Every structure is written in structure tokens, then in C-alpha cells.
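# Structural data only, the sequence is not supplied:
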């Protein structure tokens, strides 16, 4: 199968898997399941990304679709929230929101005088 045809088929699979009327019944699309269905491995698909920038763009779009489907599944409680969070953090580079420090904030530290300073001695 030509790379262009494979990319088109993969995108169709990721867009329609689990949707009503789709020939793909699984809830979430999977690169491994798609690769097996077309007689390849996941490693082969990743290798094609290195050989073809057009295929790499479609692969990246499929990853975005998968991340969106995981997010939607967790929000609607069709997927376990903890596992969805793990996948989004580890595989898709999502990050937990952290409070960032204000780069213009000024910190003032107050120090109590020691015994010598209280008696009026030299510091």
C-alpha cells in the first residue's frame, strides 16, 4: 500500500472509530490496532513518519484526535479519569497546571536582631 493511501486510511480510521455507523467498533482508535489491521506494526508506522513529512503530519493529526477522544471520554466518564490523566500527561505532553511565580514579585525578609544588637553593640 502506498504511503499516501495508508495515511488517508489511517486518518479515516482515527476520525471514525467508535462512531455510530462506523466499520470500526472500538471506542478509541489505536495505532497498534490500525497497524495490525493493515499488516504492519506500530514501529513501521513511526518509521514512515521519518521518511515522509506528509505522513508525519497525518500521524500527528491522528495523535491529536486520540488525545481529544481521551479527554472527551474522561469528561463524560466513559473512561477512567486517572488513566486518562496518566495517558495525557505521559504520552501527549499535557502538563498539570502549576502556579507560576511572578517574576516581578519582591520578597522582603525580616530578621530579628540578635542579643548583641539588642544591647546596642557593634554588629
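Right, received. Where do you want to start? Because the structure is a prediction, the values reported are computed rather than measured. Residues are numbered from 1 along each chain as shown.

# so where do the helices sit in the protein?
Assigned helices in the chain, in chain order: 3-16, 31-37, 42-51, 53-75, 81-90, 115-118 (criterion: DSSP state H).

# any chance of those helices in CSV, with mean pLDDT too?
Compiled in CSV, these are given as follows (pLDDT from 0 to 100):
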stretch, mean pLDDT
helix 3-16, 94
helix 31-37, 94
helix 42-51, 95
helix 53-75, 92
helix 81-90, 84
helix 115-118, 69
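
# Kindly present these as a markdown table, with separate columns for mean neighbour count and distance to residue 109.
Using the backbone N, CA and C atoms, a C-beta is placed for each residue, glycine as well. Shown next, in a markdown table, are the helices of the chain (neighbours: other CB atoms under 10 Å; distance: least, CB to CB, whole Å):
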| stretch | mean neighbour count | distance to residue 109 |
| --- | --- | --- |
| helix 3-16 | 16 | 55 |
| helix 31-37 | 16 | 53 |
| helix 42-51 | 14 | 52 |
| helix 53-75 | 16 | 43 |
| helix 81-90 | 13 | 36 |
| helix 115-118 | 10 | 16 |
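
# Which of those sits closest to residue 22?
Residue 22 lies closest to helix 3-16 among the helices of the chain, at 4.2 Å (CB to CB).

# Pull the residues that contact the closest one.
1, 22-24, 29, 34, 37-38, 45, 48, 51-52, 54-55, 58-59, 61-62, 65-66 (CB atoms under 8 Å, 6 or more residues apart in numbering).

# how about a cut-off of 7 Å?
Residues outside helix 3-16 that contact it (CB atoms under 7 Å, 6 or more residues apart in numbering) are 22, 24, 29, 34, 38, 48, 52, 54-55, 58, 61-62, 65-66.

# Thanks again, I'm all set now.
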